[in-house]
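Undergrad: got a structure for you, letters missing:
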């Protein structure tokens with residue numbers, strides 16, 4: 001039995017910090033969740049989701065079950081050191097911990113996962129950064145919850161929908177320009193009178209404003225690569241991938 005396909009972040013993470021992103025291949029889920037779906041909330045067979053999650057734990061040698069969040073496209077952050085990591089976590093779109101052996105996880109299928117680690121490896125975190133979360137301040141909330149100097153943080157931008165396929169209305173553009181007029185650079189007008197939004201560009205602007213300058217990753221497009229990635233905007237009903245970070 002082969003394990004799941006993974007992206008291992010190419011970033012200078014400190015010793016003891018590990019991270020991974022799961023692709024959609026080499027799982028057991030059937031269409032339209034084929035095949036490595038880790039989302040338990042999308043209508044997939046529960047036993048298939050559990051088997052996929054088991055394979056993920058085994059392949060990555062995870063120290064425990066990841067803290068699977070109930071994500072709402074908001075900006076609340078779950079602190080695993082205060083709330084635990086079981087199924088009783090309140091809905092959240094960010095997660096942090098400073099304790100080894102706890103696994104932060106974000107589920108995505110077009111929205112951007114952003115992983116964080118302090119340079120000394122004592123604090124880690126993750127954010128679910130779709131446009132609503134980005135505009136609402138989820139990155140700012142995670143950085144604040146990590147309680148580490150922003151200049152001493154590393155960030156990794158995981159796979160998300162690319163600008164060529166992320167068409168949005170004026171209300172989305174306005175949500176960013178109200179607080180940051182310079183965010184106009186992340187939107188390109190299209191022939192339909194709408195806008196192509198650049199999630200990577202928007203995230204980098206937000207991080208730079210916070211003082212987070214060590215930013216890695218980016219450049220994928222979940223919509224364009226149907227073999228490797230689930231995409232909600234492309235397929236509608238589909239599975240979810242996971243971005244994970246933990247301390248050994």
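TA: Received the coordinates, thanks. All figures in this text were calculated on a predicted structure; none of them were measured in a lab.

Undergrad: and the helices in the protein, which stretches?
TA: Assigned by DSSP state H, the helices in the chain fall at 46-60, 80-83, 131-136, 138-146, 170-177, 199-210, 232-235.

Undergrad: any idea which of these gets closest to residue 15?
TA: helix 46-60 (17.2 Å; Cβ to Cβ). In this view, the C-beta of every residue, glycine as well, is placed from N, C-alpha and C.

Undergrad: so which elements touch that closest one?
TA: strand 17-22, strand 241-247 (3 or more Cβ pairs under 8 Å, 6 or more residues apart in numbering; DSSP states H and E).

Undergrad: let's have these in CSV, adding distance to residue 54 and mean pLDDT.
TA: As requested, those are exported to CSV (distance: least, Cβ to Cβ, whole Å; pLDDT from 0 to 100):
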stretch, distance to residue 54, mean pLDDT
strand 17-22, 13, 98
strand 241-247, 13, 98
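
Undergrad: out of these, deepest packed?
TA: Mean neighbours per residue, mean count of other Cβ atoms under 10 Å, is largest over the helices and strands packed on helix 46-60 for strand 241-247, with a mean of 26.

Undergrad: angle of it against strand 17-22?
TA: Angle of strand 241-247 versus strand 17-22, following axes from the mean of the first three to the mean of the last three Cα atoms, to 10 degrees, is 170 degrees.

Undergrad: tell me the angle of strand 241-247 relative to helix 46-60?
TA: Using the same axes, to 10 degrees: strand 241-247 against helix 46-60 is 40 degrees.

Undergrad: and strand 241-247, how far out from the chain middle?
TA: 9 Å (Cα atoms, centre = their mean, to the nearest Å).

Undergrad: show me what it is packed against.
TA: Using 3+ Cβ pairs under 8 Å, 6+ apart: strand 241-247 touches strand 17-22, helix 46-60, strand 103-108, strand 112-118, strand 124-129.

Undergrad: partner strands of that strand, with direction?
TA: strand 17-22 (antiparallel), strand 103-108 (antiparallel) (DSSP bridges).

Undergrad: residue 123 is nearest to which of those strands?
TA: Short answer: strand 17-22, nearest of these by Cβ to Cβ, at 9.7 Å.

Undergrad: so what touches that closest one?
TA: 4-9, 11, 13, 36, 38, 56, 60, 113, 115, 117, 121, 124, 156, 158-159, 241-248 (Cβ atoms under 8 Å, 6 or more residues apart in numbering).
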